[in-house]
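>>> give me a model of this one.
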Amino acid sequence: MNLFVFDIETIPDVASGRRLHDFEGLSDADAGKAMLHMRLQQTGSEFLPLHLHRICAISVVMRHGDRVKVWSLGEKDADEAELVQRFFDGIDKFMPTLVSWNGGGFDLPVLHYRALLHGIQAPRYWDTGGADREFKWNNYLSRFHERHTDLMDVLAGYQPRACAKLDEVATMLGFPGKMGMSGAHVWDAFKAGEIDGIRNYCETDVLNTYLVYLRFQLIRGQLTEQDYASELELLRETLRQENRAHFSEFLEHWQANTPGSCP
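Numbers count the residues shown, from 1 in each chain. As a prediction, this is how the structure comes out:
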């Protein structure tokens with residue numbers, strides 16, 4: 001098993017907002033506020049178009065060899081270019097199976113635009129068979145290939161009306177679900193300098209995604225019930241050894257519900 005389960009958190013790309021909307025002279029906070037207000041007037045929602053999202057955190061669960069690791073890429077003061085570079089470097093180095101929740105509809109397109117902005121090369125990720133013939137039949141870009149498994153898409157049978165929220169699916173399965181904040185509050189947290197809080201929130205989100213993926217592998221027959229139980233215990237033990245407050249809270253919430261066992 002060689003997995004790279006990921007999740008991103010984003011804030012308004014105020015630098016691009018200034019260039020596109022003539023917001024020169026506005027502070028970051030005011031430019032962001034203006035961008036959100038314009039979007040609300042246009043669509044009835046403050047959710048910005050994907051090319052105007054700036055990445056402020058990328059969190060990962062990596063299952064490699066006999067270990068599982070949970071962390072956020074880069075130091076908390078790393079700039080966006082470094083975060084995006086590290087993400088694609090990991091793909092080039094490990095060639096893992098990517099796993100996400102709505103990664104095809106949000107996380108990866110945002111990463112594409114940010115890589116374009118920063119000029120970040122990722123030849124392995126973009127390969128569709130030109131460099132490696134194997135990638136013609138199984139690559140990261142095709143919706144129906146397995147180098148990237150978008151759990152939301154797959155579980156919904158690729159039907160938009162059947163899509164569900166990660167929080168609800170995780171909670172339904174007895175996992176902790178959302179903890180700490182929501183994506184809607186990331187911009188306020190960022191302005192307040194609460195980078196650690198954003199990264200911690202992103203890490204608990206990616207933990208939920210990983211737990212749902214393990215259950216998905218069970219129903220696919222890719223894990224036996226014994227394998228599944230072993231994977232859950234490995235994750236629990238990893239979080240215990242990390243001994244970080246948000247991981248301990250995650251374990252407490254998990255234990256308070258049905259602890260990952262099958263119905």
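
>>> excluding chain neighbours, what is closest to Ala81?
Nearest residue to Ala81, sequence neighbours excluded (CB to CB, 6 or more residues apart in numbering): His118, at 4.2 Å. Yep, even glycine has a C-beta here, placed from its N, CA and C like the rest.

>>> over to Thr171?
Of all residues not flanking Thr171 in the chain, Gly177 sits nearest, at 3.9 Å (CB to CB, 6+ apart).

>>> what sits against the one you found?
Leu166, Asp167, Glu168, Ala170, Thr171, Asn208, His253 (CB atoms under 8 Å, 6 or more residues apart in numbering).

>>> tell me where the stretch 1-150 of the chain has strands.
Taking DSSP state E, counting those that start in this stretch, the strands of the stretch 1-150 of the chain run over residues 3-12, 53-64, 67-72, 97-100, 148-150.

>>> would you format those as CSV with distance to Asn257 and mean pLDDT included?
Output for the strands of the stretch 1-150 of the chain, formatted as CSV (distance: least, CB to CB, whole Å; pLDDT from 0 to 100):
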stretch, distance to Asn257, mean pLDDT
strand 3-12, 20, 97
strand 53-64, 19, 97
strand 67-72, 19, 97
strand 97-100, 22, 98
strand 148-150, 24, 97
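
>>> distance to Asp107 added to these, as a markdown table?
Formatted as a markdown table, the strands of the stretch 1-150 of the chain follow (distance: least, CB to CB, whole Å):
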| stretch | distance to Asp107 |
| --- | --- |
| strand 3-12 | 5 |
| strand 53-64 | 9 |
| strand 67-72 | 14 |
| strand 97-100 | 6 |
| strand 148-150 | 9 |
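
>>> Thr10 bridge partners, please.
Bridge pairing for Thr10 (DSSP bridges) gives the partners Ile55.

>>> so it touches Leu111, yeah?
No. Judged on CB atoms under 8 Å, Thr10 makes no contact with Leu111 at a distance of 10.2 Å.

>>> overlap in contacts, these two.
Residues touching both Thr10 and Leu111 (CB under 8 Å, 6+ apart): Ile55.

>>> then the residue nearest to Thr171 would be within a helix, right?
No. Read with DSSP: H, G, I helix; E, B strand; the rest coil, Gly177 is coil and lies in no helix.

>>> state the distance from it to Phe247.
15 Å (CB to CB, to the nearest Å).

>>> give me phi/psi at the residue lying closest to Gly197 once chain neighbours are set aside?
Closest residue to Gly197 apart from its sequence neighbours, by CB to CB, 6+ apart: Ala189 at 5.5 Å. Reported as degrees, to the nearest 10, the phi and psi values for Ala189 are phi -60, psi -40.

>>> can you give me the helices for the stretch 51-200 of the chain?
80-94, 108-118, 123-126, 134-137, 151-155, 166-172, 186-191, 195-219 (DSSP state H, counting those that start in this stretch).

>>> got those helices as a markdown table, with mean pLDDT, mean neighbour count and distance to Arg39 columns?
Shown next, in a markdown table, are these (pLDDT from 0 to 100; neighbours: other CB atoms under 10 Å; distance: least, CB to CB, whole Å):
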| stretch | mean pLDDT | mean neighbour count | distance to Arg39 |
| --- | --- | --- | --- |
| helix 80-94 | 97 | 18 | 20 |
| helix 108-118 | 98 | 18 | 15 |
| helix 123-126 | 96 | 18 | 29 |
| helix 134-137 | 94 | 14 | 37 |
| helix 151-155 | 98 | 19 | 23 |
| helix 166-172 | 97 | 17 | 23 |
| helix 186-191 | 96 | 18 | 12 |
| helix 195-219 | 97 | 22 | 21 |
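
>>> mind checking which of those is nearest Tyr228?
helix 195-219 (4.6 Å; CB to CB).

>>> got the angle for the closest one vs strand 67-72?
Interaxial angle, helix 195-219 versus strand 67-72 (axes from the mean of the first three to the mean of the last three CA atoms, to 10 degrees): 140 degrees.

>>> chain center to helix 195-219, what's the gap?
When C-alpha coordinates are averaged (CA atoms, centre = their mean, to the nearest Å), helix 195-219 and its chain have centres 8 Å apart.
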